[in-house]
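**Q** I would like to see how this sequence folds:
(one chain, ligands or ions: 2)
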Amino acid sequence: MGTYVPSRRRTRALAVTPVLSVLALLAAVPAAAQGVPEGAKLFSERCASCHTVGQGDRVGPDLMGVLKRREESWVTSFLKSPGAMIDGGDPVAGELIKKFNGVRMPDQQLSDDERKGLFAFFRDCTEKGSCQPGATGPKLASDATPEELEHGRQLFEGQVALANGGPACIGCHDVRGIGVVGGGTLARDLTFSFARLGERKMTPALKEMSFPLMKELYEKAPLTEAEQFELKAYLANVSRDGTPPRKDRDFFYLGFVGLGVALGFIGIVLGGRGRAKD
Ligand code: HEC
Ligand code: HEC
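**A** Ligands and ions are numbered 1, 2, ... in the order given. Predicted coordinates for the structure are as follows:
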């Protein structure tokens, strides 16, 4: 009896094999057609040390819209051998190496599929107007879950504290509808900021916070990546959605937040002055 069992197992395994390979084929077809996630992964592994897509030039050019400004065939040849293009006198390649201080992009060994994946990724970024390669989670404001949106609102209003101890946004900013009770009026109402700045400018704005007053405060207490994302999603939602945020917050609480912000700010200004004199 003991010898009978393994042989039955083997039969079952054999029966399953063709099913698995059909499944693998089915899964492979859409992946090859799209290729965006593969392209994003490849980009972060092999290109991101020198390039961004939408975050500006680094060692090499920002590749946002590269397939719009260049022919696909040109980019294909360039990827195969940037050196050959430069030495062969290609005028565009010549301009690029001049602009990038003579740094030569290394030749890239890419299979056709890898190159197609990269191109799909570049096109996808251009369509969305921004890309954060390497990031696994959702990054566009429109990808936020209802929980992330709600958390963004709570962070904005100070119901949930910011991880690094920064002041709640509402101490200085209002958004539509909160004003009745007294969201901050020290700075701009942010209701339409996302509509005005868009995904491309809002993302770095929340990362760098390089606005007057905010810079000093958040330099010492930066927003985490998750907070940047959730606040962005919240502001995107506010600018899109006509309904005002909740009104059931109390005066005392808001006064408290505002006071905290003011005290924190005074502290930082005084602290900064003291250090400057040293
Ligand atoms: C070591 C740095 C480095 C790496 C890694 C690198 N590049 Fe580059 N890339 C450059 C530089 C520098 C240039 C500008 C041309 C030059 O000086 O060679 C450039 C130019 C380009 C251009 C032309 C851009 C334009 O505006 O026309 C493309 C396309 C490109 N790189 C794609 C890639 C891809 C895709 C990868 C990854 C598979 C990659 N690069 C990896 C440094 C790099
Ligand atoms: C100490 C006051 C203060 C706090 C707290 C504060 N900000 Fe600001 N913020 C400002 C000022 C001042 C500006 C410059 C624009 C203006 O004139 O209002 C600004 C500008 C901005 C802008 C650009 C607006 C636009 O449309 O150009 C954004 C976005 C922004 N803040 C988001 C936030 C977020 C998110 C928080 C909370 C994490 C926050 N701010 C907290 C004072 C503050």
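
**Q** and the helices in this protein?
**A** Counting by DSSP state H, the chain has helices at residues 4-34, 36-46, 66-69, 72-80, 82-87, 91-99, 112-128, 146-157, 193-208, 214-219, 225-240, 251-277.

**Q** I'd like the average pLDDT over the fifth one.
**A** When you say that, I think you mean helix 82-87. Averaging pLDDT along helix 82-87 gives 93.

**Q** report the buried residues of that helix.
**A** Within helix 82-87, the residues scored as buried using 16 or more other Cβ atoms under 10 Å are Pro82, Met85, Ile86. Just so you know, the C-beta spots here come from the backbone N, C-alpha and C atoms, and that holds for glycine as well.

**Q** turn those residues into TSV, including distance to ligand 2.
**A** As requested, the buried residues of helix 82-87 are exported to TSV (distance: Cβ to the nearest ligand atom, whole Å):
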residue	distance to ligand 2
Pro82	38
Met85	41
Ile86	41
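
**Q** and ligand 1, which of those residues reach it?
**A** Restricting the buried residues of helix 82-87 to those near ligand 1 by Cβ under 6 Å from any ligand atom leaves Pro82.

**Q** show me where pLDDT drops low in the stretch 101-250 of the chain?
**A** The stretch 101-250 of the chain contains residues with pLDDT under 70 at 132-138, 177-184, 241-250.

**Q** which parts of it sit against ligand 1?
**A** So far as Cβ under 6 Å from any ligand atom goes, the stretch 101-250 of the chain lies against ligand 1 at Val103, Arg104, Met105, Pro106, Gln108, Leu118.

**Q** and the second one, its phi and psi?
**A** Per-residue torsions, Arg104: phi -100, psi 130 (degrees, to the nearest 10).

**Q** so what's the residue count around it?
**A** When neighbours are defined as other Cβ atoms under 10 Å, Arg104 has 12 of them.

**Q** cool, the last one as well?
**A** One way to gauge burial is a neighbour count; for Leu118, by other Cβ under 10 Å, it gives 26.

**Q** what of the third one?
**A** Using other Cβ under 10 Å, Met105 has 22 neighbouring residues.

**Q** would you agree it is in contact with Gly60?
**A** Yes - Met105 is in contact with Gly60 according to Cβ atoms under 8 Å; the separation is 5.9 Å.

**Q** where do the contact lists of these two overlap?
**A** Cys50 (Cβ atoms under 8 Å, 6 or more residues apart in numbering).

**Q** next up, the contacts around the closest residue to Asp124 other than its chain neighbours.
**A** Closest residue to Asp124 apart from its sequence neighbours, by Cβ to Cβ, 6 or more residues apart in numbering: Val36 at 4.8 Å. Residues in contact with Val36, defined by Cβ under 8 Å, 6+ apart, are Gly117, Ala120, Phe121, Asp124.

**Q** contacting residues around the residue lying closest to the second one once chain neighbours are set aside?
**A** Which is Ala120. In this structure, Ala120 finds its nearest non-sequential neighbour in Gly35, 4.1 Å apart by Cβ to Cβ, 6+ apart. By Cβ under 8 Å, 6+ apart, the contact set of Gly35 is Asp113, Lys116, Gly117, Phe119, Ala120, Phe121.
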